[in-house]
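**Q** 3D, please:
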Amino acid sequence: MKKERFTGSTVEEALKKAIEKFDLREGEYEYDVIEKGFPGIFGLFTKEAIVEVKLKKKYYERRLKEFLLGILKHLNGHVRVEVRSSGKNYFVDIDGDKIGKLIGKHGKTLGALQHVSMIFLNRISDTKINVIVDAGEYREKRKRQLETITKEAIEKALKEKGKVVLDPMFAFERRIVHEIVKKYRNVISYSIGMEPYRRVVIEFVKNRREARMK
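**A** Below you'll find the predicted structure:
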């Protein structure tokens, strides 16, 4: 998480600068006193106080929630946003009115919202953060749908001893497909194309090990 040093005539003043800069709330930061500072003697030998402030996950969770609510208020309906984190992953659950409009056709609107959320959060952090946005349990429903699509494609590739090219998918969808394919013999999967048109190819192979060595 982000760390930054602040100076002031006292520790309290240096800390106040950090709170004002990031608009920090209680429980969203921790700090270490690097230098306590010294008021000096008759204006001589003064030394500034230095504190190193570290932003906690709670800060990023709040900022992400506020960011999304600022966007979603234009839906003209009640929207609930919950944000939780685990490691460098931030999970967003959205529910409320007009969820279908938020998800968009084939989840494209939801994917775009996830993309801008990731850009926003990474701009205020020093480390790479991954954001996963879900709405109305769309991702779980989409996962079940992908399992059906993938199994049908695998059966076709095995039957025709050829390859099947799936429709363009988001990165999280492609990962699901790849994991399913790994459970089957004589088929491999790989991605082709550039975002946002990147798609998965499921291909028949006589020997998976030899195919991986190519």
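**Q** Who are the packing partners of the lengthiest helix in the chain?
**A** Ranked by residue count and defined by DSSP state H, the top helix of the chain is helix 138-160. Where contact means 3 or more C-beta pairs under 8 Å, 6 or more residues apart in numbering; DSSP states H and E, helix 138-160 is packed against strand 163-165, helix 171-181, strand 187-192, strand 199-204. To be clear about C-beta, it is placed using only N, CA and C from the backbone, and glycine gets the same treatment.
**Q** Looking at these, spot the one closest to residue 101.
**A** helix 171-181 (20.4 Å; C-beta to C-beta).
**Q** and the angle for that closest one with strand 199-204?
**A** If you take axes from the mean of the first three to the mean of the last three C-alpha atoms, to 10 degrees, helix 171-181 sits at 10 degrees to strand 199-204.
**Q** Now helix 171-181: buried residues?
**A** By neighbour count on 16 or more other C-beta atoms under 10 Å, the buried set for helix 171-181 is 172-174, 176-178, 180-181.
**Q** just the helices in this structure please.
**A** Under DSSP H, the chain gives helices at 11-22, 57-72, 99-103, 108-123, 138-160, 171-181, 208-213.
**Q** I'd like those laid out as CSV, including mean pLDDT and distance to residue 81.
**A** Below are the helices of the chain laid out as CSV (pLDDT from 0 to 100; distance: least, C-beta to C-beta, whole Å):
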stretch, mean pLDDT, distance to residue 81
helix 11-22, 95, 21
helix 57-72, 94, 5
helix 99-103, 81, 11
helix 108-123, 91, 11
helix 138-160, 94, 15
helix 171-181, 92, 19
helix 208-213, 56, 42
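**Q** which one of the buried residues of helix 171-181 sits closest to residue 166?
**A** residue 177 (6.9 Å).
**Q** what pairs with the residue sitting nearest the centre point of the chain across the strands?
**A** Centroid check for the chain by C-alpha atoms, centre = their mean gives residue 131 as the closest residue, at 1.2 Å. In this structure, residue 131 bridges to residue 90 when assessed by DSSP bridges.
**Q** Just the pLDDT at it, thanks.
**A** pLDDT, residue 131: 93.
**Q** Make residue 1 into 31 and carry on from there
**A** From this message on, residue numbering opens at 31, which makes the last subject residue 161.
**Q** how close does it get to residue 201?
**A** Using C-beta to C-beta, to the nearest Å, residue 161 is found at 12 Å from residue 201.
**Q** how close does residue 146 get to residue 100?
**A** 11 Å.
**Q** neighbour count winner among those two?
**A** residue 146 (14 against 9; other C-beta atoms under 10 Å).
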